[in-house]
Each structure stands twice: as structure tokens, then as C-alpha cells.
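Student: build me a structure from this.
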Amino acid sequence: MEKLRTALHSFGLEEAAEQILQFAKRSIRAIATPTADEDIRMGHSKIGGVPDTPTDFVWP
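Tutor: Model (predicted):
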């Protein structure tokens, strides 16, 4: 929350900072890094791309 408070002040929002902080919630940010499908090991998480399936699998 201190980082957010500092950022709000740096943007000149000190008057509204406390009101904004009342609505702020802790969160986790997921950042996707573009990676070739063949460089992602089988079973690892990925966003988009081709699903991990057997080589003889036929997509419906």
C-alpha cells in the first residue's frame, strides 16, 4: 500500500490518495512472456498456443 500511496502522491493525487487507498486491494499480477510453443515443457502452464495432446490426437 505504501508503493501505491507514493505513486498517487507522485502523480499529484495526494488529496484523493486516502479515498483511493480505501478501495485498493492486494493482488497478484500474472505477466505473460511470449515463448515459442516448442520451448514450453509438457504440462507447464501457458496462455494460448497449442494444447499438450498426444501426437496422434485429432482435434474435433
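
Student: and the helices in the chain?
Tutor: Counting by DSSP state H, the chain has helices at residues 2-10, 14-23.

Student: any idea which of these gets closest to Pro34?
Tutor: For the helices of the chain, the distance to Pro34 is smallest for helix 2-10, at 26.9 Å, taking Cβ to Cβ. Every residue, glycine included, has its C-beta placed from N, CA and C.

Student: in TSV: the helices of the chain, plus mean pLDDT.
Tutor: Formatted as TSV, these follow (pLDDT from 0 to 100):
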stretch	mean pLDDT
helix 2-10	92
helix 14-23	92
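
Student: just put those in JSON lines and tack on mean neighbour count and distance to Asp37.
Tutor: Listed next are these as JSON lines, based on neighbours: other Cβ atoms under 10 Å; distance: least, Cβ to Cβ, whole Å:
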{"stretch": "helix 2-10", "mean neighbour count": "12", "distance to Asp37": "35"}
{"stretch": "helix 14-23", "mean neighbour count": "10", "distance to Asp37": "39"}
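
Student: of all the ones you listed, which one is nearest Ala30?
Tutor: Across the helices of the chain, the minimum distance to Ala30, taken as Cβ to Cβ, is reached by helix 2-10, at 18.3 Å.

Student: run through who's touching the closest one.
Tutor: Residues outside helix 2-10 that contact it (Cβ atoms under 8 Å, 6 or more residues apart in numbering): 14, 16-17, 20-21, 24.

Student: which one of the helices of the chain lies nearest to Ile47?
Tutor: Nearest to Ile47 among these is helix 2-10; the distance by Cβ to Cβ comes to 26.1 Å.
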